[in-house]
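> Okay, here's the prediction I keep looking at, along with the sequence it came from:
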Amino acid sequence: YCYAAWYREAVFASRNIGNDKASSTAMRKAESVLSSMKQVLLVKQNNNNEKESSSLNMVEDVNSLLVMWSNTNTNLPDLLEKFVRFIEVESGGTNNDMWLNTRSYNLIINAWAKSGSNEAINRAEALLKDMESSDTKVSPDLLSYSGVISCIAKSRRAKDVKKAKDVLRRMTKVDGVEPDTVIFNQVMNIYSKKGGRGSAEQCEKLLKRMEDLNAKGNQNVAPDVRTYNLLLSAYANEKGPSEAEKVLERLVMHESIEPNSITYTTCMDAYAKIG
């Protein structure tokens, strides 16, 4: 709590009133709190008066703090990340799992996704890559990849669209992590909203991949009505209403999925845009 209070004070002094001196002083206070935490909780003395890592299991306490900080009005993902990076270094490495787990890193990734910061994608991807390389002693899960894709979804830069598909590709190479319908729909949503050249084709490829995975036994990745609505939207945005209507016809003929109100509304909106 003390660390977060001083950290916010430092950010406020710098961003809101332009007082770099006050900001620097507050940041030193925040770092001194972390130093005190290191001595009291992270490090203890053994019988030979040597320092060793604490064996306290603090994972839930740390995650509770991360949740609280990420839900405040002042969303500062760098506050969360700096705190976790400090624990990584000072917890002794081998006892890292006493302090941090996959959820800890997912909370930071989600905080970056909510922040709207220009740094969000790069910072979230860096955390994910650390998890993939085992530098953090924890492994990514489905929510880790979903969080990074959420960051990409909020970007307005066209060049970031392909990053979502790359994240999805990387996920399929991780043992124990299987994609589901939601994460495929996340990626399709990015393509359908951009409406750029080739977006409809990319959505078709994603749909085909979902169908193939489902046919191979992954029941969690079955296409649903949202999948088709996103495909329809991609055609509407890139190629116009006549191509979008063809997707509607495919959905009407589908043996297990029925169109909903959004399907018809999206199709009608496409026609309305051309008068």
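Thanks, I have the structure now.
> residues touching K205, list them.
Taking CB atoms under 8 Å, 6 or more residues apart in numbering as the contact definition, K205 lies against nothing. (C-beta placed from N, C-alpha, C; glycine too.)
> Next, the buried residues of the helix or strand encompassing it.
Taking DSSP states H and E as the criterion, K205 maps to helix 199-215. By 16 or more other CB atoms under 10 Å, the buried positions in helix 199-215 come out as 199-200, 202-204, 206-207, 210, 213.
> tell me the mean pLDDT for the helix or strand just after that helix?
Where DSSP H and E defines the elements, the next helix or strand beyond helix 199-215 is helix 225-238. If you average the pLDDT over helix 225-238, you get 95.
> and the next helix or strand after helix 225-238, what other elements does it pack with?
Next along the chain after helix 225-238, taking DSSP H and E as the criterion, comes helix 241-252. If you count contacts as 3 or more CB pairs under 8 Å, 6 or more residues apart in numbering; DSSP states H and E, helix 241-252 packs onto helix 225-238, helix 261-273.
> Tell me what angle the first one forms with helix 261-273.
Spelled out, that is helix 225-238. Put simply, helix 225-238 runs at 10 degrees to helix 261-273, going by axes from the mean of the first three to the mean of the last three CA atoms, to 10 degrees.
> So for helix 225-238, what gets flagged as buried?
226-238.
> Start from the N-terminal end of this structure and give the strands.
Using DSSP state E, the strands of the chain run over residues 43-45, 51-53.
> thinking again about what came up before, in CSV, list the buried residues of helix 199-215 along with distance to S134 and pLDDT.
Shown next, in CSV, are these (distance: CB to CB, whole Å; pLDDT from 0 to 100):
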residue, distance to S134, pLDDT
S199, 35, 92
A200, 38, 94
Q202, 31, 94
C203, 34, 95
E204, 36, 96
L206, 29, 96
L207, 33, 96
M210, 29, 95
L213, 26, 92
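> Can you tell me which of these comes closest to P259?
Lowest distance from P259 to the buried residues of helix 199-215 (CB to CB) belongs to L207, with 15.3 Å.
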